[in-house]
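Peer 1: Need the 3D shape of this:
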Amino acid sequence: MRHIDLSLFSPYEKLFLTDELLSKYAFSLCGGPCPGLIKVENSQMLESVIKCCIAAGFPYKVLGGMTNILISDKGFDGVVILNRKGKISHKELEDGSVWLSAESGAGMAAVVRYCMENGISGMEWAAGLPGTVGGAVCGNAGAFGTEISDIFMFGSMLDEKGCQNHISHENMGYSYRSSILKHQDNNRILLGASFLLGKGDTEEISSRCEEYKERRKSTQPIDEHSLGSVFKNPEGESAGKMIQAAGLKGFSVGKASVSLKHANFIVTEKGVTSADYHRLVCHVQNKVYEQFSVLLEPEIELFGFEVNG
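Peer 2: Sure, this is the predicted structure:
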């Protein structure tokens with residue numbers, strides 16, 4: 001792997017970890033090394049580190065909760081920036097609506113909790129959703145018939161030159177579990193997002209959040225290590241039901257297994273490799289295609305693999 005001259009990142013050079021394994025931070029428990037990793041706590045720090053990478057010609061990748069990405073065992077030969085900037089605020093309007101603003105490193109769990117504490121309605125469906133605001137907005141996360149694109153209004157981002165710009169809902173190019181910012185080859189990084197929500201009764205909001213959490217717990221392996229739904233649902237179909245019909249529940253490759261609770265989840269154990277996980281993804285795709293002539297498209301990001309789904 002390349003040598004990263006940390007002196008170029010002053011005054012943050014002492015905050016870097018070198019030759020760090022990404023498996024330590026991934027929900028999947030797998031992922032190879034990187035020559036330099038830093039956790040950033042605020043926008044100024046994030047922008048500074050990214051601009052240093054651009055100036056030095058170092059490849060970089062900004063990651064959030066690592067709940068929806070599988071990084072290969074080869075890792076990433078550049079600077080990994082773990083986004084931990086997580087301020088949340090809101091403004092109540094006269095018509096009863098609420099503007100909720102959250103930095104991209106804020107955890108979705110923290111956002112839902114903030115809404116419950118402040119009587120803000122419209123985010124209940126995300127109760128129990130892992131990951132960060134950045135990942136949810138860029139990947140158009142959704143559950144129970146609602147998507148983040150239903151409430152996202154605008155955000156701020158850094159472009160490929162490290163300059164800050166605004167981006168509106170109309171310019172996000174939203175589609176099912178995707179947006180223009182999900183394609184990381186463009187190196188446009190979401191800094192923060194604003195959502196249009198409403199006022200509600202605190203107790204009722206908390207009750208709905210608990211209901212969604214229970215529904216999630218009863219149907220998904222939330223107590224195990226996973227990256228959430230592995231495949232997008234084909235139009236009019238359920239990926240989980242197709243995988244189950246192909247007899248793949250419980251099928252394993254190494255320490256990666258198709259969940260017995262929900263077939264569109266792959267659960268992992270300590271000692272798993274990204275190669276295990278990726279081989280299982282490919283096996284599931286092949287078996288479902290053999291039976292249904294449908295090629296399942298990954299919902300998770302496969303990073304560092306020769307064939308991306």
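
Peer 1: In this structure, where's the longest strand?
Peer 2: When the chain is parsed with DSSP state E, its longest strand is strand 189-199.

Peer 1: Let me know the angle separating the helix or strand in which residue 206 is found from strand 189-199.
Peer 2: Following DSSP states H and E, one finds residue 206 within helix 202-219. Using axes from the mean of the first three to the mean of the last three C-alpha atoms, to 10 degrees, one finds that helix 202-219 and strand 189-199 are set 120 degrees apart in direction.

Peer 1: Just the buried positions in helix 202-219, please.
Peer 2: Buried residues in helix 202-219, counted by 16 or more other C-beta atoms under 10 Å: 205, 206, 208, 209, 212, 213, 216. For every residue, glycine as well, the C-beta is placed using N, CA and C.

Peer 1: now, the most widely separated pair of the residues you listed?
Peer 2: Based on C-beta to C-beta, the longest span within those runs between 205 and 216 and measures 16.6 Å.

Peer 1: Double-check that residue 166 belongs to a strand.
Peer 2: Yes: counting by DSSP: H, G, I helix; E, B strand; the rest coil, residue 166 is found in a strand.

Peer 1: Okay, buried residues for stretch 254-264 please.
Peer 2: Applying 16+ other C-beta under 10 Å to stretch 254-264 flags 254, 255, 256, 257, 258, 259, 261, 262, 263, 264 as buried.

Peer 1: Which stretches in the stretch 151-300 of the chain count as strands?
Peer 2: Secondary structure of the stretch 151-300 of the chain (DSSP state E, counting those that start in this stretch): strands at 152-158, 164-168, 189-199, 225-229, 252-253, 256-258, 265-268.

Peer 1: Rebuild the buried residues of helix 202-219 as CSV, extending it with pLDDT and distance to residue 291.
Peer 2: Output for those, formatted as CSV (pLDDT from 0 to 100; distance: C-beta to C-beta, whole Å):
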residue, pLDDT, distance to residue 291
205, 97, 43
206, 96, 43
208, 96, 38
209, 96, 38
212, 95, 32
213, 94, 34
216, 93, 28
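
Peer 1: could these go into a markdown table alongside distance to residue 226?
Peer 2: Listed next are the buried residues of helix 202-219 as a markdown table, based on distance: C-beta to C-beta, whole Å:
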| residue | distance to residue 226 |
| --- | --- |
| 205 | 27 |
| 206 | 26 |
| 208 | 24 |
| 209 | 21 |
| 212 | 18 |
| 213 | 16 |
| 216 | 12 |
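
Peer 1: and stretch 147-159, how far out from the chain's middle?
Peer 2: Between the centre of stretch 147-159 and the centre of its chain there are 14 Å (C-alpha atoms, centre = their mean, to the nearest Å).
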